[in-house]
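# whatever this is, show me its structure:
(one chain, ligands or ions: 1)
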Amino acid sequence: MNKIYITTPLYYVNDVPHIGHAYTTIAADVLSRHYKAKGNEVFLLTGTDEHGAKIADAAKRAGKDPKDFADELVPKFIDTWKNLDVKYDEFFRTTDPKHEEVVKDFIKKLKDKGHIEKKSYEGWYCIGCEKYLSQEDLVDGKCPDHKTEPVKQFEENYFFLLSKFQERLIKAIESGELDIAPISRKNEILGKIKQGLQDVSISRENVRWGIKFPGDEKQTVYVWVDALINYYSATKIYKELDDWESHPADIHLIGKDILWFHAVIWPAMLVALDLPLPKKIFAHGFFTIGGEKMSKTIGNILDPNKLVDKFGADALRYALLREFPFGEDGDISEEKIAKRYENDLANGLGNLLNRTISMINKNGLEKDTFQIKKVVPDTLTVNGVKFSQDEYYAQHMKNFSFDDYLHDIWWLYIKTSNELIDREKPWELAKKNKNLSVLYHCYKELVQISYLLNPFMPKTAEKMSKQLKTLKPELLFPKLDK
Ligand code: ME8
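Numbers count the residues shown, from 1 in each chain. Below you'll find the model as predicted:
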């Protein structure tokens, strides 16, 4: 049995969670449920990033103390994950005093080993990104992501001597010791590292809301360094992870926006302390909403909780991961989710289950014939090559190909079974000569589908197996209120 440690980013508590946060967290939950179902021990860590200028500013705007402000937002994240049926193992907060101790100790060790130096620095700082931007990063003098002008800052800071680790990082990434996926992101990061690494400032003089910098109380620890260390401090704070000796993480799941921090700064900090590197970083794509970048000004930010109210958690989980490949950018909208609901879920899966069970009942067939037996996964032939079904889908999961996984279930089982019923008209067959083969085939497919869908749509899978056992039909996906 393997032990697998999976992480999501720690989300900023400057605002309530949005659909982008939900996307990464649902994907992490799908992986966790899949690996657990395969008999592994899995630890899924998520949480919130609560220090730094971005949070201090948001708290100030709300007229609140930053810690009180964070305390009010954290339950919004916890509730959202509950609504989305995300089963994490621990919820990490960077304001946890135990974490603060680990961060201080980590930085002291970096200092003792000679990896930190004090230098003065002048640069353009974007609070939205919580990082300095170079002239090349700017578009019309503004941060391209936040559309705001960065603030000129001159500070004396402590610098982490990142440039020393250039060759070591290249070697780790090229050899696969640190596996970055998708491959396009790996190449992009390698290209950037090869252009040369600059030492990075890891303290802030004018930010009061943060962990005090060890040895210099006038400065606080740079929020990114504080947040990245969470992945390590969790392995000291939580007994289960500590018992596993779980550092490093097996999978850091993140969005492409924060790959640099995870694939360069974090591994370099670990190498500097002779600690092992994370095994895999997967940076997924970003989505736009109805063709536009998600933004408060445009007012197109989707609230995952409202979508759960409308479609249910399972349908939302399905629609988000089905819509486009996980590693690529794509577009999402409420209309697209509604379409998936109607076509794939209500008319596809729901209809197949409902009509199969109804026909079994209507034709007065022996209930004993339809007993869920342990499903022995059949073989599957794709492009002339034979696979065990179980391995075939596990491979999709290993590649983070959630869209292919779901596409294949719909294409190979649901669509073909629904077509088979339309063509063979089993209600006539059953009357004529009690030929059960079509119904039996559909029934078996449904057992297989409920098993395969479990990590994505846990409640639906449970309802399906219950109905397949009791043969009492119940609508899985009711009509949507217009
Ligand atoms: O960056 N599409 O937190 P954050 C898809 N605190 N995913 C999206 C998205 C979009 N349009 N927008 C956001 C931080 N995300 C730091 C992380 S980790 C040690 C510290 C998701 O609240 C995606 O996972 O800005 C992205 O990486 C993350 O939210 C950024 O969340």
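# ok, the closest residue to the ligand within the stretch 51-200 of the chain - contacts?
Nearest to the ligand, among the residues of the stretch 51-200 of the chain, is E130, at 7.6 Å (Cβ to the nearest ligand atom). (Glycine included, C-beta is placed from N, CA and C.) For E130, the contacting residues are G52, A53, K54, V223, W224, by Cβ atoms under 8 Å, 6 or more residues apart in numbering.
# what is the least confident helix or strand in this structure?
Lowest by mean pLDDT, DSSP states H and E among the helices and strands of the chain is strand 379-382, with a mean of 66.
# re earlier: what's the closest of the contacts of E130 to Y11?
K54 (11.5 Å; Cβ to Cβ).
# for the stretch 1-150 of the chain, which segments count as strands?
3-12, 41-49, 90-93, 116-126, 131-133 (DSSP state E, counting those that start in this stretch).
# with distance to N383, mean neighbour count and mean pLDDT added, can I get the ones you listed in a markdown table?
A markdown table is the format used below for those (distance: least, Cβ to Cβ, whole Å; neighbours: other Cβ atoms under 10 Å; pLDDT from 0 to 100):
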| stretch | distance to N383 | mean neighbour count | mean pLDDT |
| --- | --- | --- | --- |
| strand 3-12 | 30 | 22 | 97 |
| strand 41-49 | 32 | 23 | 98 |
| strand 90-93 | 42 | 17 | 98 |
| strand 116-126 | 47 | 15 | 91 |
| strand 131-133 | 45 | 19 | 89 |
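# one step back: next, work out how far apart the residue of the stretch 51-200 of the chain closest to the ligand and R204 are.
10 Å (Cβ to Cβ, to the nearest Å).
# what do you get for I258?
19 Å.
# who's more crowded, these two?
Between I258 and R204, counted using other Cβ atoms under 10 Å, the more crowded position is R204 (24 against 18).
# helix/strand/coil for the nearest residue to K256 once chain neighbours are set aside?
Using Cβ to Cβ, 6 or more residues apart in numbering and skipping the chain neighbours, the partner closest in space to K256 is A283 (4.5 Å). The three-state label for A283, taken from DSSP: H, G, I helix; E, B strand; the rest coil, comes out as strand.
# burial of A283, as a residue count?
For A283, using other Cβ under 10 Å, the count is 26.
# who's it bridged to?
Beta-bridge partners for A283, by DSSP bridges, are I254.
# and it, what is it in contact with?
Shown in contact with A283 (Cβ under 8 Å, 6+ apart): I180, A181, P182, R185, I254, G255, K256, I258, L259, H262, A263, G327.
# just the buried residues of the contacts of E130.
G52, A53, K54, V223, W224 (16 or more other Cβ atoms under 10 Å).
# was I right about the first one contacting V225?
No - the pair G52 / V225 is not scored as a contact, 10.3 Å apart, by Cβ atoms under 8 Å.
# domains for the protein, by residue range?
3-284, 333-470 (automatic domain parsing).
# distance to F477 for those - can I get that in CSV?
Below are the domains of the chain laid out as CSV (distance: least, Cβ to Cβ, whole Å):
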stretch, distance to F477
domain 3-284, 16
domain 333-470, 4
